[in-house]
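>>> A predicted structure for the sequence below; I have some questions about it.
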Amino acid sequence: MEDGTAKVGLIDDLAFRFFGRLIARQFVVFGGVPAALERGEELLRRGIVPTYNRIDEHVHSKERIEQILASYVEILKTMNHTNRGNIAIKPSAFGIDFGPFFFARTLKRLIDAAAGKYIEIEVDAEDRETLVTVQQMLNSLAPKLPDGVILRPAFQMHLPDKVRQKLISECRILDMPIRIVKGSGLYNIGASEITDEEMLVRYRETFRSLLARGMRPMAATVRDSALLYELATLARNDRITADQFAFQFLDGLFGRSLAKTYVKRKYRVGCYVTFVDPSAPEEWKGYIRRRIAFGRKLLFGE
């Protein structure tokens, strides 16, 4: 088992070493905010709503958090009708490691900058240990949102039942419009606790429940065409029109063809525009290593 893991790690490392930058160009926008907005304009012309997501991982300084916040504020100030989209933030990049109130204050500054912009701020799910704390902070901010701003947390379907029920029952995550994601399948985090079929059942049930309550969910996937077809069929059978939910993809090799397909079918489609800021030029590396591992798992199942 250890030998197999070592071989897989070596393959991923070699792929990154020889093809990392080439692969990165397929998934990541370099050049900071101006380049990200240019990519967003291209997507909008094709009927796809961009979600701007700056890559920053393992943020351990308040100075870096200020830089990250400044990038998003720049997007809000610069954005116009040709590239208008949404924003996605990581709790770690907004200071959750410095405590929940620091995170909430940082996010509140972004919310204030977004007032009147008519955008959504998507909050990614990262460390399982902080999911409940982050949601509690979102709950405290949600009643005071200015006009034109929506908070949309990500809800992972692979979570162990205890965490899932706490998010639903105590944190009322389903009272907010959410971004439904399968969760971590790359490193099997949580996968041993539920089967793939159980996870998909949760995905479908959560999607249907939110539609029934008029919550306008966003269904996110990298490339699961069968799941998207099933969700679209479910909505149609329940006489839910396509403007009451959205499908979201990653910008890159896996999502482009599916996004194009669903735009043609008149669905609302969104796409992550993941960008690197010049102030943190190396941040793309960890992200691309995960994309390489994900692609290897898709192709070879390991």
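Arrived safely.

>>> contacts and neighbour counts: CA atoms only from here.
Will do.

>>> and the residue nearest in space to the middle of the chain, what is it in contact with?
By CA atoms, centre = their mean, the chain has its centre lying nearest to residue 124, at 5.3 Å. The contact partners of residue 124, by CA atoms under 8 Å, 6 or more residues apart in numbering, come to 88-91, 153-154.

>>> quick one: which of those residues is nearest residue 221?
Closest approach to residue 221 among the contacts of residue 124 (CA to CA): residue 154, at 12.0 Å.

>>> show me where this structure has helices.
Here the chain has its helices, by DSSP state H, at 2-27, 32-45, 62-78, 100-114, 131-141, 161-165, 196-212, 225-237, 256-264, 284-300.

>>> From what I see, residue 275 and residue 37 are in contact.
No. Taking CA atoms under 8 Å as the definition, residue 275 is not a contact partner of residue 37, at 9.7 Å.

>>> nearest residue to residue 163 other than its sequence neighbours?
Nearest residue to residue 163, sequence neighbours excluded (CA to CA, 6 or more residues apart in numbering): residue 132, at 8.0 Å.

>>> Also residue 288?
Leaving aside its chain neighbours, residue 288 sits nearest to residue 24 (6.1 Å; criterion: CA to CA, 6+ apart).

>>> was I right about the one you found contacting residue 284?
Yes. With contact defined as CA under 8 Å, residue 24 reaches residue 284; the gap is 7.4 Å.

>>> Looking at those two, which one has more neighbours?
The neighbour comparison of residue 24 against residue 284 (other CA atoms under 10 Å) goes to residue 284, with 24 against 20.

>>> so what's that one up against?
So residue 284 contacts 24, 28, 55, 276 (CA under 8 Å, 6+ apart).

>>> What of residue 278?
Taking CA under 8 Å, 6+ apart as the test, what residue 278 contacts is 31-32.

>>> Could you report the pLDDT at it?
The per-residue pLDDT reported for residue 278 equals 94.

>>> ok, now how distant is it from residue 204?
Separation of residue 278 from residue 204 (CA to CA, to the nearest Å) stands at 40 Å.

>>> got it, and residue 176?
Distance of residue 176 to residue 204, computed by CA to CA: 17 Å.

>>> Please apply the same query to residue 11.
With CA to CA as the criterion, residue 11 and residue 204 are 35 Å apart.

>>> Which residue of those two possesses the greater neighbour count?
Per other CA under 10 Å, whichever of residue 11 and residue 204 has more neighbours is residue 204, with 18 against 15.

>>> Could you point out which residue ranges in the stretch 101-250 of the chain have low pLDDT?
By pLDDT under 70, the low-scoring segments of the stretch 101-250 of the chain are 184-193.

>>> Repeat the analysis, applying 80 as the threshold.
Within the stretch 101-250 of the chain, the stretches with pLDDT under 80 are 183-194, 222.

>>> Is it correct that residue 152 is in contact with residue 121?
Yes. Residue 152 lies in contact with residue 121 (CA under 8 Å); the separation is 6.0 Å.

>>> Of the contacts of residue 284, which pair is most distant in space?
24 and 55 (12.0 Å).

>>> Now do the contacts for residue 254.
By CA under 8 Å, 6+ apart, the residues touching residue 254 are 222-223.

>>> Roughly how far does it sit from residue 26?
Taken as CA to CA, the span from residue 254 to residue 26 is 10 Å.

>>> repeat for residue 242
29 Å.

>>> More neighbours: which of these two?
Taking other CA under 10 Å, residue 242 and residue 26 do not tie; residue 242 has more neighbours (16 against 13).

>>> Residue 266 is in contact with that one, correct?
Yes. With contact defined as CA under 8 Å, residue 242 reaches residue 266; the gap is 7.3 Å.

>>> check contacts around residue 51.
Contacts for residue 51 (CA under 8 Å, 6+ apart) come out as 40, 85-88, 270-273.

>>> mind running it again at 7 Å?
85-88, 270-273 (CA atoms under 7 Å, 6 or more residues apart in numbering).

>>> go on, residue 167?
132, 173.

>>> mind running it again at 8 Å?
Counting by CA under 8 Å, 6+ apart, residue 167 has contacts 132, 135, 173.

>>> next one: residue 267
Applying CA under 8 Å, 6+ apart to residue 267 gives the contacts 242-243, 246-247.

>>> Please spell out the PyMOL selection for the buried subset of these.
The buried residues among the contacts of residue 267 can be selected in PyMOL (16 or more other CA atoms under 10 Å) with this line:
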select buried, resi 242+246+247
